[in-house]
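In: fold the following for me, if possible:
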Amino acid sequence: MESQKNISEFILMGLSSNWNIQIFCLVFFLFCYLAIVVGNLLIIISIRCSSLYSHPVYYFLSYLSSMDICYTSCVTPRMIGDQLVRRNTISYSTCMLQVFVMHFFGMVEILILTAMAFDRYVAICKPLHYMIIMNRTRCNILILAALAGGAVHSFSQFVLIIQLPFCGISEIDHYYCDVFPLLKVACTDTYITGVLMIANSGLVALVIFVILIGSYVIILFTLRNHSAEGRRKALSTCGSHITLVILFFGPSIFAYLRPPTTFPEDKIFALFYTIIAPMFNPLIYTLRNAEMKKALRKVWCQKIFSEEKHS
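Out: Now for the predicted structure:
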């Protein structure tokens with residue numbers, strides 16, 4: 001492609017040029033990545049090895065944890081490796097691939113969060129029909145729809161960005177390849193492309209966020225008619241979900257729903273939806289959820305006791 005003929009690699013400016021800050025970021029991101037992988041794997045294994053897997057909300061949660069691992073793995077391991085070897089370049093093909101997979105897993109995660117909100121709406125507002133509406137077939141269809149939606153979103157972003165020409169020394173003021181920083185270094189007028197990307201990312205994120213908040217307003221309104229114990233249990237699960245939605249959507253909307261320009265603060269906000277939200281997902285869903293804590297104890301205590309018995 002013509003853009004590939006013009007340039008073979010990009011220079012990533014990273015979070016900071018200060019060596020001491022880079023060392024701190026290396027240690028911090030390594031800790032965060034290990035916490036993300038270990039924490040989300042604990043959730044996945046605990047759900048799959050317990051009776052919770054038959055519950056739609058935990059079925060979705062296991063997929064959400066899988067997407068968290070995949071999503072953050074698109075950026076964090078490479079960022080840690082680059083800091084270890086003091087490398088700040090990324091090839092054109094790797095950069096384009098990073099744009100595609102980041103937006104694919106990001107959109108799938110957003111759509112799974114939407115499916116979880118729908119599940120909570122049905123559970124609280126239509127409890128008598130819950131198991132009929134949220135049967136396993138429909139849950140599988142929602143997961144497949146999330147994967148299809150992620151593919152459509154990321155492919156459209158990829159098609160727009162891969163057609164841009166890049167020339168000379170292209171310095172990307174970010175720690176990974178994303179659409180707006182790439183628009184800034186393109187050697188052509190990117191106004192129309194920028195508008196299309198805002199509609200495809202920022203506007204979609206805003207619409208889904210409004211739908212999610214609206215669904216939880218309806219849920220909270222419906223909870224007035226439930227018993228105190230029912231309200232407590234429902235609010236525990238819904239509170240965890242709302243916290244994660246705000247952590248993920250807030251910075252995402254700020255990053256993508258605005259004119260296609262870049263600011264130094266973008267890198268800080270990007271940390272929230274690439275690292276912080278995936279890291280807090282296991283904490284939010286285990287510390288605030290009695291059923292998850294019970295499943296964790298049951299699965300892992302049984303494994304420990306069985307190993308001790310065999311030894």
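
In: would you map the strands across this structure?
Out: Taking DSSP state E as the criterion, the chain contains strands spanning 9-12, 89-91, 171-172.

In: so which of those strands gets nearest residue 151?
Out: Shortest distance between residue 151 and the strands of the chain, using C-beta to C-beta, is found for strand 89-91: 23.3 Å. For glycine as for every other residue, the C-beta is placed from the backbone atoms N, C-alpha and C.

In: so what does that closest one touch, helix or strand wise?
Out: With contacts taken as 3 or more C-beta pairs under 8 Å, 6 or more residues apart in numbering; DSSP states H and E, strand 89-91 sits against strand 9-12.

In: from the chain's centroid, how far away is the strand it packs on?
Out: On the basis of C-alpha atoms, centre = their mean, to the nearest Å, the separation between the geometric centre of strand 9-12 and that of its chain is 24 Å.

In: need the residues that contact that strand.
Out: The set of residues that contact strand 9-12 without belonging to it, under C-beta atoms under 8 Å, 6 or more residues apart in numbering, is 82, 88-92, 95, 166, 169-172, 174-177, 185.

In: picking that back up, could you dump the strands of the chain into CSV with mean pLDDT and distance to residue 107 added?
Out: Converted to CSV, those look like this (pLDDT from 0 to 100; distance: least, C-beta to C-beta, whole Å):
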stretch, mean pLDDT, distance to residue 107
strand 9-12, 88, 23
strand 89-91, 89, 22
strand 171-172, 85, 22
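
In: quick one: the ones you listed as JSON lines, columns for mean neighbour count and distance to residue 112 too.
Out: Supplementary listing: the strands of the chain in JSON lines, determined by neighbours: other C-beta atoms under 10 Å; distance: least, C-beta to C-beta, whole Å:
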{"stretch": "strand 9-12", "mean neighbour count": "18", "distance to residue 112": "29"}
{"stretch": "strand 89-91", "mean neighbour count": "15", "distance to residue 112": "28"}
{"stretch": "strand 171-172", "mean neighbour count": "18", "distance to residue 112": "29"}
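
In: I'd like these as a markdown table, with distance to residue 261 appended.
Out: Formatted as a markdown table, the entries for the strands of the chain read as follows, by distance: least, C-beta to C-beta, whole Å:
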| stretch | distance to residue 261 |
| --- | --- |
| strand 9-12 | 18 |
| strand 89-91 | 22 |
| strand 171-172 | 14 |
